[in-house]
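**Student:** From the sequence below, what's the structure:
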Amino acid sequence: MRCDYHMHFEKGAYDENWAEGFFDAAKKRGLGEIGISEHSHTFPEFEPLYYEDLILDDSFVGSFQKKWLKTNKFKYTIDEYFAFMRRLQKKHAVKIGIEVCNFQDQKAVAQILRRYPFDYLIGSVHFLHGWAYDSAEIKSEWANHPLEELYGWYAEEVEKLAASGLYDVLGHPFNIRLFKNIPDFDVRPYLERVAKAMRAADMVVDVNTGTRYRYPIKEISPYADFMRVAAKYDLPIITTSDAHQPEDCGRYNAEAVDYAKSFGYEGTIRFDGRKRAFEPFDP
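**Tutor:** Numbers count the residues shown, from 1 in each chain. Below is the predicted model of the structure:
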């Protein structure tokens, strides 16, 4: 079976006719099951945490991020999300997930999440010291930091997510390559740090095609060097599209499966009520 558990409704609305496009695309691409993992910035419950963590001064980065927080954010409560997903579940086999940013106050995150029966939780590093490094509008900020420093920051943030014990999946590992900032130093210590933290927290690798079609690097995350380390540490995987629009559901999923197989992986994890099961890929 092939699945896709990393997708978002943020480019549309909680409208069943619009959401139906995700299921049409899944069927067209031969997916056996999908899940939606709305960003935490969809929900007002998380709004204070963004204002605590992000750079929001009058600098180039801060000015952009203040505007970003006012654009298409915090528009549905988690209760509204579950109500909409329950309606979809009456017609389709679909899991309910969430993708949570790497907030510094993970105890506050836990208090929010524990009230809801999610099928799986994705934790993703979206900010490095308060900077949204994956935003194309402020990518020039990359030039202000040594790349090895950023790899260190990234590994540290993953370790914090893992140490919280909250998450089932690490979203798009090492997508810090997305703007073609390729290291010329030995990255193995950082790859090992992340893999060890994930192993200790029993976290799953998100083999994510979003960087394949949405960013200049045009490669699947995580890239090959980390995939080899992940396989060495026996970290399980899921394959996902990071779709933000219906037509992208399952995009390059077959390619992601072949990519995973090239590192010795034989199947994916399926989630149900935070419980997981191994599902072999299609023959």
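
**Student:** Report the contact partners of residue 11.
**Tutor:** Counting by CB atoms under 8 Å, 6 or more residues apart in numbering, residue 11 touches 244, 245. From N, CA and C alone the C-beta is placed, and that goes for glycine too.

**Student:** Residue 183 too?
**Tutor:** Shown in contact with residue 183 (CB under 8 Å, 6+ apart): 147, 148, 151.

**Student:** Any chance of a ChimeraX selection covering the buried ones in those?
**Tutor:** Here is the ChimeraX command that picks out the buried ones among these, judged by 16 or more other CB atoms under 10 Å:
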select :151
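
**Student:** Would you mind naming the helix or strand containing residue 153?
**Tutor:** Assigned by DSSP states H and E, residue 153 belongs to helix 147-164.

**Student:** swap in residue 66?
**Tutor:** Residue 66 belongs to helix 60-68 when elements are defined using DSSP H and E.

**Student:** Before we go further, residue 270 is sitting in a helix, right?
**Tutor:** No: counting by DSSP: H, G, I helix; E, B strand; the rest coil, residue 270 is not part of a helix but strand.

**Student:** Check what pLDDT it gets.
**Tutor:** Turning to residue 270, the model gives it a pLDDT of 97.

**Student:** Run a quick neighbour tally on it.
**Tutor:** Look at residue 270: counted by other CB atoms under 10 Å, it has 20 neighbours.

**Student:** who does it bridge with?
**Tutor:** residue 277 (DSSP bridges).

**Student:** Now do the strands in the protein.
**Tutor:** 3-4, 33-39, 94-101, 120-124, 169-170, 204-208, 237-240, 267-272, 275-280 (DSSP state E).

**Student:** Just send those back as a markdown table, with distance to residue 50 too.
**Tutor:** Output for the strands of the chain, formatted as a markdown table (distance: least, CB to CB, whole Å):
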| stretch | distance to residue 50 |
| --- | --- |
| strand 3-4 | 27 |
| strand 33-39 | 11 |
| strand 94-101 | 8 |
| strand 120-124 | 14 |
| strand 169-170 | 20 |
| strand 204-208 | 22 |
| strand 237-240 | 23 |
| strand 267-272 | 26 |
| strand 275-280 | 29 |
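
**Student:** Relative to residue 16, tell me which of those strands wins on proximity.
**Tutor:** Among the strands of the chain, the nearest to residue 16 by CB to CB is strand 94-101 (11.9 Å).
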